[in-house]
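In: pasting the structure only:
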């Protein structure tokens, strides 16, 4: 599965791109995310992919925007969706949704908050968001902990789809630790920016941890 998405926008439009599937559902980009949604649904016949990682080889590829719009698209068809900011090093989901000083994944994993306390209900369909929370000194240890495994088991029963906005594959070990616990991975690349060798290496590293790479979202810069 490879889908090209044109990202060229004015400054004003660019500020709205995170929610284009919601703010402009008739747009070409919104339709492209509906196509991604359909491709994911048909990528497995016997088992529904409930836990999905959205990642990229490096920083700045557009993975968070892709994760948000895919989450919106899934929720628009009636699915109960949880978007989790699993980037404990450079989180951005909380600022995009204007969730300042919100509890999040970090607090849940260290036992300082319950899942119910940290999850935020949005006004978009059945979409709920779990911010990253405080920046911990040991992100990799938290992502690879038993607490994380238990967290995934608990939320899997409560949601139709869980999307993890995760750190770039080549920059941290966090995503590789998480990938082995999820049903699938979607790689986000940028045409003209992503180095081919880096994309190949990211795919290789994901295969090493037996992650199932479902496909690629290719953002176009022009």
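Out: All right, it came through fine. These numbers come from a predicted model, not from an experiment.
In: run through the residues that contact the most centrally placed residue in the chain.
Out: Nearest residue to the geometric centre of the chain (Cα atoms, centre = their mean): residue 165, 2.9 Å. Going by Cβ atoms under 8 Å, 6 or more residues apart in numbering, residue 165 touches 54, 63, 64, 67, 68, 83, 84, 85, 86, 87, 92, 93. In this view, the C-beta of every residue, glycine as well, is placed from N, C-alpha and C.
In: the last one: neighbour count?
Out: Counted with other Cβ atoms under 10 Å, residues neighbouring residue 93 total 24.
In: and for the second one?
Out: One way to gauge burial is a neighbour count; for residue 63, by other Cβ under 10 Å, it gives 28.
In: list the contacts for it?
Out: So residue 63 contacts 54, 55, 56, 165, 166, 168, 188 (Cβ under 8 Å, 6+ apart).
In: likewise the third one?
Out: The contact partners of residue 64, taken as Cβ under 8 Å, 6+ apart, are 18, 54, 87, 92, 93, 96, 165.
In: next SSE after the helix or strand bottoming out on mean pLDDT in the chain?
Out: Ranking every helix and strand in the chain by mean pLDDT, DSSP states H and E puts helix 11-14 at the bottom, with a mean of 34. Using DSSP states H and E, the helix or strand that follows helix 11-14 towards the C-terminus is helix 20-23.
In: residue 201 should be in a strand, yeah?
Out: No: assigned with DSSP: H, G, I helix; E, B strand; the rest coil, residue 201 falls outside any strand and is helix.
In: pass me the low-pLDDT residue ranges in the protein, would you?
Out: Applying pLDDT under 70 to the chain picks out residues 1-17, 23-24, 44-46, 221-222.
In: so residue 188 sits in a helix?
Out: No: counting by three-state DSSP, residue 188 is not found in a helix; it is strand.
In: where do the helices of the protein begin and end?
Out: Ranges of helices in the chain, per DSSP state H, are 11-14, 20-23, 28-41, 63-76, 93-96, 105-109, 115-118, 139-143, 146-156, 174-179, 196-208.
In: now do the contacts for residue 87.
Out: By Cβ under 8 Å, 6+ apart, the residues touching residue 87 are 64, 93, 132, 165, 166, 167, 174.
In: rerun that using 10 Å as the cut-off
Out: By Cβ atoms under 10 Å, 6 or more residues apart in numbering, the contact set of residue 87 is 55, 59, 63-64, 67, 93, 105, 132, 139, 143, 164-168, 172, 174-175.
In: of those residues, buried ones?
Out: With burial judged by 16 or more other Cβ atoms under 10 Å, the buried subset of the contacts of residue 87 is 55, 63-64, 67, 93, 105, 132, 139, 143, 164-168, 172, 174-175.
In: in stretch 208-222, what counts as buried?
Out: In stretch 208-222, counting by 16+ other Cβ under 10 Å, buried: 211, 212, 213, 214, 215, 216, 217, 218, 219.
In: err, stretch 96-103, not the other one
Out: 96, 97, 99, 102, 103.
In: turn those residues into CSV, columns for distance to residue 36.
Out: Shown next, in CSV, are these (distance: Cβ to Cβ, whole Å):
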residue, distance to residue 36
96, 19
97, 21
99, 25
102, 27
103, 30
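In: touching, residue 170 and residue 187? I think so.
Out: No: applying Cβ atoms under 10 Å as the test, residue 170 and residue 187 come out as separate, 11.2 Å apart.
In: more neighbours: these two, which one.
Out: Higher neighbour count among residue 170 and residue 187: residue 187, with 25 against 17, using other Cβ under 10 Å.
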